[in-house]
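1. Please find the sequence and the predicted model below.
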Amino acid sequence: MNSTPQNFSSLFGSGVTLNEVMGAVLTLLLLLIIGALLRNTIRRHSGETSLRWIINEETANLVFWLFVFLGLVEFFYNLGILKYKIMGVALGNLLLAFGFFYLIYLIAKKSKDYFLGTGRVSPEVQIKAKLFYYSVLTLAFFLALNLAGLTGKLTTVLAAAGITGIVLGFSAQTVIANFISGIFMYFDKPLRLGDAVRIGDYEGIVEDIRILSTRIRLWDGTLVRIPNEKLFNSEIINLQKYPARRAELNVGIAYREDAERAIEVIRKVLEEEPYILAEPEPRVYVNELGDSSVNLKIWVWIPSDLWVGQNMMRSKYGLLRKIKEALDREGIEIPFPQRVNWFAEELRVKLEKE
Amino acid sequence: MRIFGEHGLRTQFIHVGEKKIHVVENSEGTFTYRRDNVRVKILGGMHLSILPAPAKGYGVRFLMVKLEPSVAVPPTSIVKGYLEAPIDVKVLLGGTEIDRFTPCREKYALYGEDNVGVIARYAVSQFFSKKPNPTCALIPLLIKNEDESWFHLRRLVFPIGNCPMFYHRDEAYYPQMIVHLKKIPFIVNTGNPPDGTLNVVGTPRRIVTFSMRWL
């Protein structure tokens, strides 16, 4: 009966006894049972909790697979297969740390996606989801280092990372500038998710603010990615920061028309238009005596969200059409540019006979 | 003529303020609902409901009523009255909304400052001591001047977001509003009907208060 340990030795290398194999199997089974129990518990509670973003079917499965992975690594480690060392760290520990980090990353990512995937979420929720995601990843990273037994070497790693950082810094200035700008933008808050903005030639809705870039959904449905460094140095016009905006329109009338009557006609149109705010009151006045027309300026206050993008159809363009129609109805001429030419000497015109 | 409440499905015109609803019975036994450019083909059912709703318009939560003429309230007095106000109207099949429109004049105003104000639905009304025949809807009002001096009221701003509404045949009412006149007046939307005989839309008794920082 002495042959059994020798058999295991021949199978798994020297020094592995039956007891150790039994222990490894038991550990594997124990971890599988704990994983299954946890999976069932999470599944059971997922239907009755308000924390479905973290306690759900997918998380339950991932937790189970985490324990399966831990069990397998432990099993092979106990059998001596994963005890080989790479740079002074056991292969089993490295695998354990990597697998642990990867599965925690999956859980964090799925939770974040669950947060962001449930319809239209508010900017605050989006920021919270991202904060949760990065916090869990940071925590998991340090736990994984600990599992790998690298905690003691962390100082060395950080020092190496510092030197590497300097080297990388020179070669990746743009990336770092974007990253730093992204951090400044977060605190400066010149724009928020969902704001209508104009940045250079681009105008649209802020779709996402990321670490390196910001995405703007333009009115025509295309997406533009602006590096944070460029954005930080740009003039950002936030079109919806305040509840109302003043809009300016210009209308020219012919010199022979009664300007006061034209102003009255335009005022009436403004009064009937729902989205032109009654308070602050709209103003219409003669702004300029132009080359071809008496130019009237119209100042109206309008809800900010109705003076952007597609809403312009019913606000600005609809208003201009109504003003034109009203002036036409009242017989008030909107002239086209005209020029009267005087000739110093009498013009001689020669008529050809047919 | 009855406007609000349930209407049996048959060919008919229903006038709601400045708007006209037309229900037409089709040859195959279905119905078509028409209002301005809205068309809905109704494939079954017996009734449609026309109900008053708070004047949210394009999505506001406040109603500003400019008092014309303005009102002077004596010190430590309680005044009861009414204001005329706009409403929205919703058309339902069962519990499903198939149309929503504004039967009276639609206008908005900025209440407050340019940078911290709020967009409110806007209307002009005089103060009625007795119930008038409204063109749209009525706000039952109780003004309590809790100050030792006269108060000059030029406008009132009511919180109306998702508040219950009340109706009887062709009359629509906002909940009873109480205006407390102090240094900073505040307005209470009691969520209660002005009297117990009215039908209710929504959940009554939802009290909302609003301080009028800008007079």
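-> Here it is on my side, so go on.

2. how about the helices of chain B, start to end?
-> Using DSSP state H, chain B contains no helices.

3. Okay, now the unreliable bits of it?
-> Applying pLDDT under 70 to chain B flags the ranges B:1, B:206.

4. what residues does it put near chain A?
-> Within chain B, the positions near chain A by C-beta under 8 Å from any C-beta of the partner chain are B:57-58, B:64, B:66, B:105-111, B:114-115, B:117-119, B:122. From N, CA and C alone the C-beta is placed, and that goes for glycine too.

5. Please, which helix or strand holds A:Val340?
-> Remark: A:Val340 resides in no helix or strand, with elements defined by DSSP states H and E.

6. how many neighbours does it have?
-> 4 (other C-beta atoms under 10 Å in any protein chain shown).

7. Need phi/psi at it.
-> phi -100, psi 120 (degrees, to the nearest 10).

8. residue contacts, it?
-> Going by C-beta atoms under 8 Å, 6 or more residues apart in numbering or on different chains, A:Val340 touches no other residue.

9. for B:Asn189, same thing?
-> For B:Asn189, the contacting residues are B:158-160, B:163, B:174-175, B:177, B:206-210, by C-beta under 8 Å, 6+ apart.

10. for the spatially most central residue of chain B, what are its contacts?
-> Closest to where the C-alpha atoms of chain B average out (C-alpha atoms, centre = their mean) is B:Ile87, at 3.7 Å. Neighbouring residues of B:Ile87 by C-beta under 8 Å, 6+ apart: B:52-55, B:103-104, B:136-137, B:165, B:172, B:174.

11. Nearest residue to A:Arg245 in space, please, no chain neighbours.
-> Spatial nearest neighbour of A:Arg245, chain neighbours left out: A:Ser304 (4.7 Å); criterion: C-beta to C-beta, 6 or more residues apart in numbering or on different chains.

12. follow-up on the earlier one: can you turn the buried part of the residues of chain B next to chain A into a PyMOL selection?
-> The PyMOL command for the buried members of the residues of chain B next to chain A (criterion: 16 or more other C-beta atoms under 10 Å in any protein chain shown) is given here:
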select buried, chain B and resi 57+58+64+105+106+107+108+109+110+111+117+119+122
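
13. out of the residues of chain B next to chain A, which are inside strands?
-> B:64, B:66, B:108-111, B:118-119, B:122 (DSSP state E).

14. In CSV: those, plus distance to A:Asp220.
-> Shown next, in CSV, are those (distance: C-beta to C-beta, whole Å):
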residue, distance to A:Asp220
B:Met64, 36
B:Lys66, 40
B:Tyr108, 28
B:Ala109, 32
B:Leu110, 30
B:Tyr111, 34
B:Val118, 31
B:Ile119, 27
B:Tyr122, 33
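
15. out of the residues you listed, which one sits closest to A:Val21?
-> B:Val118 (73.5 Å; C-beta to C-beta).

16. Okay, and the beta partners of the closest one?
-> Beta-bridge partners recorded for B:Val118 (DSSP bridges): B:Tyr111.

17. quick one: A:Asp195 from A:Tyr275, how far?
-> As for A:Asp195, its distance to A:Tyr275 is 20 Å (criterion: C-beta to C-beta, to the nearest Å).

18. okay, these two: which has more neighbours?
-> Shown here are A:Asp195 and A:Tyr275; by other C-beta under 10 Å, A:Tyr275 has more neighbours (22 against 18).

19. residue contacts, that one?
-> Listed by C-beta under 8 Å, 6+ apart, the contact partners of A:Tyr275 are A:302-303, A:306, A:314-315, B:58, B:108.

20. Buried ones only from the residues you listed, please, as a PyMOL command.
-> Selection of buried members from the contacts of A:Tyr275 for PyMOL, criterion 16+ other C-beta under 10 Å:
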select buried, (chain A and resi 302+303+306+315) or (chain B and resi 58+108)
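
21. For the contacts of A:Tyr275, name the two members farthest from one another.
-> The largest separation in the contacts of A:Tyr275, counting by C-beta to C-beta, is between A:Arg314 and B:Tyr108 at 13.2 Å.

22. before we move on, back to that, looking at the contacts of A:Tyr275, which is nearest A:Lys110?
-> B:Tyr58 (37.6 Å).

23. which element is A:Leu66 on?
-> Using DSSP H and E, A:Leu66 falls in helix A:57-78.

24. Let me see the residues that make contact with that helix.
-> So helix A:57-78 is in contact with A:20-21, A:23-25, A:27-32, A:34-36, A:38-40, A:42-43, A:46, A:82-83, A:90, A:92, A:95-96, A:99-100, A:103-104, A:106-107, A:110-111, A:114, going by C-beta under 8 Å, 6+ apart.

25. can you rerun that using 7 Å?
-> A:20, A:23-24, A:27-28, A:31-32, A:34-36, A:38-39, A:42-43, A:46, A:82-83, A:92, A:95-96, A:99, A:103, A:106-107, A:110 (C-beta atoms under 7 Å, 6 or more residues apart in numbering or on different chains).

26. same question, stretch B:31-39
-> Against stretch B:31-39 from outside (C-beta under 7 Å, 6+ apart): B:9, B:19, B:21-26, B:40-42, B:98-99, B:101.

27. so which of those is the most crowded?
-> Neighbour counts for these, by other C-beta under 10 Å, peak at B:Ile21, which reaches 23 neighbours.

28. From chain A, how far out is that one?
-> 20 Å (C-beta to the nearest C-beta, to the nearest Å).

29. now B:Pro103
-> 13 Å.

30. Ok, B:Gly8 next?
-> 33 Å.

31. now the helices: where do they sit in the stretch 101-250 of chain A?
-> Along the stretch 101-250 of chain A, counting by DSSP state H, counting those that start in this stretch, helices occupy A:123-147, A:154-171, A:173-188, A:228-232.

32. Considering those helices, which stretch scores lowest in mean pLDDT?
-> Sorting the helices of the stretch 101-250 of chain A by mean pLDDT places helix A:154-171 lowest, at a mean of 65.

33. that older thread, number of nearby residues for the nearest residue to the residue nearest to the centre of chain B once chain neighbours are set aside?
-> Once flanking residues are discounted, B:Ile87 sits nearest to B:Ala137: 4.3 Å by C-beta to C-beta, 6+ apart. Residues near B:Ala137, counting by other C-beta under 10 Å, number 26.
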